[in-house]
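[1] Here is my input, please return the structure:
(one chain, ligands or ions: 1)
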Amino acid sequence: MKENRIYNFNAGPAALPLEVLEEIKDSFLNFGGSGMSITEISHRSTLFDNVINDAIARTRRLLKLDDRFHVLFIQGGASLQFCMIPLNLLKEGDSADYVNTGTWATKAIKEAEILGKTINIVASSEDKNFSYIPKKMSFNRDAVYTHITSNNTIKGTQWPFYPETGGIPLVADMSSDFMSRPFDVDKFGLIYAGAQKNIGPAGVCMVIIRDDMLERVPDTLPSMLKYTTYASKNSMFNTPPCFAIYMVQLVMKWLEESVGGLEKMARMNQTKARTLYEAIDSSDFYQGTAETDSRSLMNVTFRLPDETLEKQFVEQALKNGMGGLKGHRSVGGCRASIYNATQLAAIEALVDFMKHFEQKNG
Ligand SMILES: Cc1ncc(COP(=O)(O)O)c(C=O)c1O
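    So this is what the prediction gives:
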């Protein structure tokens, strides 16, 4: 661990690759020999064009996107997408299927309902406090899209593989597992991810949209709410969040050049998650909250015998250089978020600490 830094298990904003943070530090006052910081240059400059185009090109290579897909940068977080998606894709008389797997999916459904759109909840895991990913569901043949939340940050569940919808395009909130594993893009009409977990800082959301979805966008929407505006202007209709996009570019570079692509990233993430779940499963003191076959490789949620111990666990972990282990305020318990940038060494240190804590308090 680098001096003055802790092992960061925050759920988002979350740990970023040290290599990326150091590159930003080194280039901060004089970006690309310009004598200015990235936060001071024009978004209309060649320097910034190179940044955004490189971020897009690397995203395309990492996900093997073909020409049908457009990579956009939009502000307003993943939460704005909850409303932009139905607004852009559903016309009068259209409907969409939604699978409800937790807090964020519920919010996505709510926003579509506020807009008065026709939404069918085709499956939900609410009956068991969202502790699993539903297996049985039947999709409506005339749905424009099926919305899923790829990874449920709060409840600690993740789709182990994506559902077969019989050709209906998937629209996926990948905020908390984007770029953590490879997947077949063919199934998707739209993918979105708030940057602040796996690909950068808060302030930008990446949206990947397919041509046929873009064709659905009505002319009547305000410019800033239309995907077509972002697609036709390379995400620069207005001033984009330049610094956030620059960080995304560096994270994509790290993924390609230091990690070596998404297959390798996925293997590392599996090893990390296995190490932590094995520690939980081998003890009666710690209890995982998600059903085994739905467990997230990104957010590992667990409980201790009582809330007093949980509070002590989080406090003592921090004293030992491990931060961000408190569960989401809506569910309590503990959560270790182990995104791409969290190294195996951090998980090994946590497992060591868990064993010591159990010996003292179990
Ligand atoms: C899966 C998921 N979707 C959406 C959001 C909301 O993202 P934002 O804060 O960027 O609107 C979060 C935030 O934690 C999330 O984890």
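
[2] So which bits of the stretch 101-250 of the chain are right by the ligand?
    Within the stretch 101-250 of the chain, the positions lying close to the ligand (CB under 6 Å from any ligand atom) are Trp104, Thr149, Thr153, Asp173, Ser175, Ser176, Gly194. Where C-beta positions appear, they are placed from N, C-alpha and C, glycine not excepted.

[3] ranking those residues by neighbours, who comes first?
    The member of these that has the most neighbours, counting by other CB atoms under 10 Å, is Thr149 with 30 neighbours.

[4] Just the ones in helices from the residues of the stretch 101-250 of the chain next to the ligand, please.
    Trp104 (DSSP state H).

[5] And the residues of the stretch 101-250 of the chain next to the ligand, which two are furthest apart?
    Using CB to CB, the pair of those lying farthest apart is Thr149 and Gly194, separated by 12.0 Å.

[6] mind listing the strands in the stretch 51-200 of the chain by residue range?
    For the stretch 51-200 of the chain, applying DSSP state E, counting those that start in this stretch gives strands covering 69-74, 95-100, 118-124, 146-149, 151-152, 157-158, 170-173, 188-194.

[7] Just send those strands back as a markdown table, with mean pLDDT too.
    Formatted as a markdown table, the strands of the stretch 51-200 of the chain follow (pLDDT from 0 to 100):
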| stretch | mean pLDDT |
| --- | --- |
| strand 69-74 | 98 |
| strand 95-100 | 98 |
| strand 118-124 | 97 |
| strand 146-149 | 98 |
| strand 151-152 | 98 |
| strand 157-158 | 98 |
| strand 170-173 | 98 |
| strand 188-194 | 98 |
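
[8] How about Ser150: what's its closest non-neighbour residue?
    If the residues on either side of it in the chain are set aside, Ser150 comes closest to Met174, at 4.5 Å by CB to CB, 6 or more residues apart in numbering.

[9] got a list of what that neighbour touches?
    Residues near Met174 by CB atoms under 8 Å, 6 or more residues apart in numbering: Ser150, Asn151, Ile191, Tyr192, Ala193.

[10] thinking again about what came up before, of all the strands of the stretch 51-200 of the chain, which lies closest to Ser42?
    strand 69-74 (16.5 Å).

[11] And the closest one, how far out from the chain middle?
    Averaging C-alpha positions (CA atoms, centre = their mean, to the nearest Å) puts strand 69-74 15 Å from its chain's average.

[12] Output the contacting helices and strands for that strand.
    Counting by 3 or more CB pairs under 8 Å, 6 or more residues apart in numbering; DSSP states H and E, the packing neighbours recorded for strand 69-74 are helix 46-63, helix 77-89, strand 205-210, helix 211-214, helix 227-232, helix 242-253.

[13] neighbouring contacts of the fourth one?
    Contact with helix 211-214 is made by Arg68, Phe69, His70, Asn88, Leu89, Tyr145, Pro169, Gly189, Leu190, Tyr227, Thr228, Ala231, as judged by CB under 8 Å, 6+ apart.

[14] Please pick the buried ones from those.
    Phe69, His70, Asn88, Leu89, Tyr145, Pro169, Gly189, Leu190, Tyr227, Thr228, Ala231 (16 or more other CB atoms under 10 Å).

[15] quick one: pLDDT of the nearest residue to the fourth one once chain neighbours are set aside?
    Translated: Leu89. Distance criterion CB to CB, 6+ apart; nearest residue to Leu89, sequence neighbours excluded, is Arg216 at 5.1 Å. Looking at Arg216, its pLDDT is 98.

[16] quick one, what contacts Arg216?
    Asn88, Leu89, Lys91, Val144.

[17] Now tabulate those residues in CSV and tack on pLDDT.
    Shown next, in CSV, are the contacts of Arg216 (pLDDT from 0 to 100):
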residue, pLDDT
Asn88, 98
Leu89, 98
Lys91, 96
Val144, 98
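
[18] which one of those is nearest Met298?
    Here the nearest of these to Met298, counting by CB to CB, is Leu89; it sits at 26.7 Å.

[19] contacting residues for that closest one?
    Contacts were defined as CB under 8 Å, 6+ apart; by that measure Leu89 touches Ala96, Val144, Tyr145, Val171, Gly189, Leu190, Met213, Arg216, Val217.

[20] and it, how far is that from Thr275?
    Applying CB to CB, to the nearest Å, one obtains 40 Å for the distance of Leu89 from Thr275.

[21] now do Ser282
    From Ser282 to Thr275 the distance is 11 Å (CB to CB).

[22] repeat for Gly32
    40 Å.
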